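>>> requesting a structural model of the entry that follows:
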Amino acid sequence: MKNLNELIQSFLASAEFAVLGASTNRVKFGNQVLRHYLKHGKTVYPIHPKEEIIEGCRCFPTLTAAPDTIEAVSIITPPVITEKVIHEAVELGIRKIWMQPGAESQRAVEIARDAEMECIAGEACVLIELR
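Residues are numbered from 1 along each chain as shown. Here you go, the predicted structure:
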């Protein structure tokens, strides 16, 4: 099993990302995470059920509706939503998940680990790792 640093490096080495919980509000964490990926030249897809464009990127209402080339998902949603998203990611075969602080729940972590996903939860923030 990989340690935290190895999980982070593997996650950040992915070619395409999704941000669940992306927001049009630049103060919100979901917008900041999206902008950090963009600032670092990453291919990223915002996921939001109602928005069409965030930070110039086309939004998708669900992970299932997004391109099937996504390798890694940053989750910035309430824990109850995170649990639903993890099930969706498992069905899509996505292997790398990063539950940003506050998005994780024990159940979501268990689902991810039972599916043998590379799961980062509760310890690290993508904004700090990409600075």
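
>>> middle-most residue in the protein, spatially?
residue 74 (1.4 Å; Cα atoms, centre = their mean).

>>> could you point out the longest helix of this structure?
Counting by DSSP state H, the longest helix found in the chain is helix 79-92.

>>> so how far is the helix or strand following it off the chain centroid?
Next along the chain after helix 79-92, taking DSSP states H and E as the criterion, comes strand 96-99. Centre-to-centre, strand 96-99 and its host chain are 6 Å apart (Cα atoms, centre = their mean, to the nearest Å).

>>> what lines up beside strand 96-99 in the sheet?
strand 72-75 (parallel), strand 118-121 (parallel) (DSSP bridges).

>>> return the first one as PDB; C-alpha atoms alone will do.
Yep, that's strand 72-75 we're talking about. Provided in PDB are the C-alpha atoms of strand 72-75 (Å, rounded to 0.1, in the frame of the first residue of the first chain):
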ATOM      1  CA  ALA A  72      -8.500  11.500 -10.900                       C
ATOM      2  CA  VAL A  73     -11.200  13.300  -8.900                       C
ATOM      3  CA  SER A  74     -11.000  16.000  -6.300                       C
ATOM      4  CA  ILE A  75     -14.100  16.000  -4.200                       C
END
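
>>> what mean pLDDT does that strand get?
What strand 72-75 shows for mean pLDDT is 96.

>>> okay, strands next: where are they in the chain?
16-20, 43-47, 53-54, 57-58, 72-75, 96-99, 118-121 (DSSP state E).

>>> quick one: residue 85 from residue 76, how far?
As for residue 85, its distance to residue 76 is 10 Å (criterion: Cβ to Cβ, to the nearest Å). Every C-beta, even on glycine, is put in place using the N, C-alpha and C of the backbone.

>>> what sits against the residue nearest to the centre of the chain?
Listed by Cβ atoms under 8 Å, 6 or more residues apart in numbering, the contact partners of residue 74 are 17-20, 33, 37, 98, 100, 126.

>>> kind regards, and thank you for your time.
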